[in-house]
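**Q** here is a sequence together with a model predicted from it:
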Amino acid sequence: MREELSEKLLSFKKAFISLNEIENIVAANNYEELRAIVNKQIADNVITPVGKKNTNGLIPPLYLKYRICYETEDLSPYLDEIRHLHPDLKISEYLAKPMLYKLHRDIVLPLSDFLKIRPEILLKKMSKNERAYSIWNDEKILDDSKAKSVIAFLEIAERLNYYLTPEPFFDFVLRSQKEMTVLIIENKDTWFTFRKLLSKNPNNCCLHGTQLDAILYGEGNKVTKPGGIQAYADNVLSTNVQFLYFGDLDFTGIDLFLRVCNANPDAKIRLFTELYQDMLDLVKLDKLGQIRKKQNTDIMMDGFLSFFSSNQIIMIQELLNANKYIPQEVINYPVLEAMLQVMA
């Protein structure tokens, strides 16, 4: 943290910095921690207090204003090295702030050598970890906060030409084609039931007139990772995908669907409404159990209910108002097997 803070202070655009500005950078847990961090920066000659009586009035006090010590040691040995950096690496800025270069050096120097000797490798995309290893021999370095700060300062992230590896999901792909329909299933048991039955007869994967090309297990909140579903479509399936969603009929299941949609605004996701109707048809309200675990009921359900008819909406609202639920496991192996045979 100390080196990272020093870097941020030395990257500051002004000669002076206030205690409030330091607090915003540090985000200390308490005053004692803030004092320790500030005093360490003073001891390291990164900052120096301004005004003998200009304190915050607390005990022990901290000064309200500090001068940033951009030149705290003889950094002239670095100047020639800076001049020989690759021209795209902000040479003039580093010459003006050699202390900043000293802090960035372990990231900048290998990058400079790479740009000079092997620039053609950047023309071909790699994963982030592959790119990191090819430049720094450290596949995790681009996840480090210091490296992120240096890359941002150099404004070179796009030039590095890497892609983020999509989050892997448990999926079962029946067929790959230009247009695909993928069913996202909330619970593991139901996903496995679908997998077992669909794998027995891959050519008979039509439910309610919809041909399924793949099924994907959502794994709880994993499926709500920002951009995760879209990245799966783009980088794993590499095709035009229509996603269907099927989950528990309770507040948590509804919330999961809404969060999946919000996390993937560019993906085509809709409810597999017919399977929810099947769930409603298979149960009687008075026989259903109460929702056992406390669930967040303060959710905007319009986006979920918009997929249903007015009669279906009334049934769902009655269910939830009674604090009851239908798990998707109600569509069990024999039920799904019968549905597939009827629709064959």
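**A** Great, that's in hand. Numbers count the residues shown, from 1 in each chain.
**Q** check which residues of stretch 182-196 are buried.
**A** Within stretch 182-196, the residues that qualify as buried are 182, 183, 184, 185, 186, 187, 190, 191, 192, 193, 194, 195, counting by 16 or more other C-beta atoms under 10 Å. (Each C-beta comes from the backbone N, C-alpha and C, glycine too.)
**Q** I'd like these written out as TSV, with secondary structure and pLDDT added.
**A** Converted to TSV, the buried residues of stretch 182-196 look like this (DSSP: H, G, I helix; E, B strand; the rest coil; pLDDT from 0 to 100):
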residue	secondary structure	pLDDT
182	strand	94
183	strand	95
184	strand	94
185	strand	94
186	coil	93
187	coil	91
190	helix	92
191	helix	92
192	helix	91
193	helix	91
194	helix	92
195	helix	91
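**Q** which of the residues you listed sits closest to residue 254?
**A** residue 186 (10.6 Å; C-beta to C-beta).
**Q** I'd guessed that closest one sits against residue 248; true?
**A** Yes - assessed by C-beta atoms under 8 Å, residue 186 is found in contact with residue 248 at 5.9 Å.
**Q** picking up where we left off before, among the buried residues of stretch 182-196, find me the one that's closest to residue 32.
**A** Each of the buried residues of stretch 182-196 was checked against residue 32 using C-beta to C-beta; the closest is residue 186, at 46.2 Å.
**Q** so how far is residue 329 from the closest one?
**A** Distance, residue 186 to residue 329, by C-beta to C-beta, to the nearest Å: 10 Å.
**Q** for residue 169, same thing?
**A** Taken as C-beta to C-beta, the span from residue 169 to residue 329 is 20 Å.
**Q** now residue 323
**A** 19 Å.
**Q** how many neighbours does the residue lying closest to residue 91 once chain neighbours are set aside have?
**A** Nearest residue to residue 91 in three dimensions, chain neighbours excluded: residue 85, at 5.5 Å (C-beta to C-beta, 6 or more residues apart in numbering). Residue 85 has 20 neighbours, counted by other C-beta atoms under 10 Å.
**Q** now residue 85: how far from residue 101?
**A** 9 Å.
**Q** overlap in contacts of the two?
**A** Shared contacts of residue 85 and residue 101 (C-beta atoms under 8 Å, 6 or more residues apart in numbering): 94, 108.
**Q** I'd say residue 235 and residue 163 touch.
**A** Yes - using C-beta under 8 Å, residue 235 is in contact with residue 163, at 7.2 Å.
**Q** just to revisit the earlier point, the residue nearest to residue 91: what secondary structure?
**A** coil (DSSP: H, G, I helix; E, B strand; the rest coil).
**Q** name the next helix or strand following the helix or strand of the chain with the lowest mean pLDDT along the chain.
**A** Lowest mean confidence among the helices and strands of the chain (mean pLDDT, DSSP states H and E): helix 2-10, at a mean of 66. As assigned by DSSP states H and E, the chain's next helix or strand after helix 2-10 is strand 16-18.
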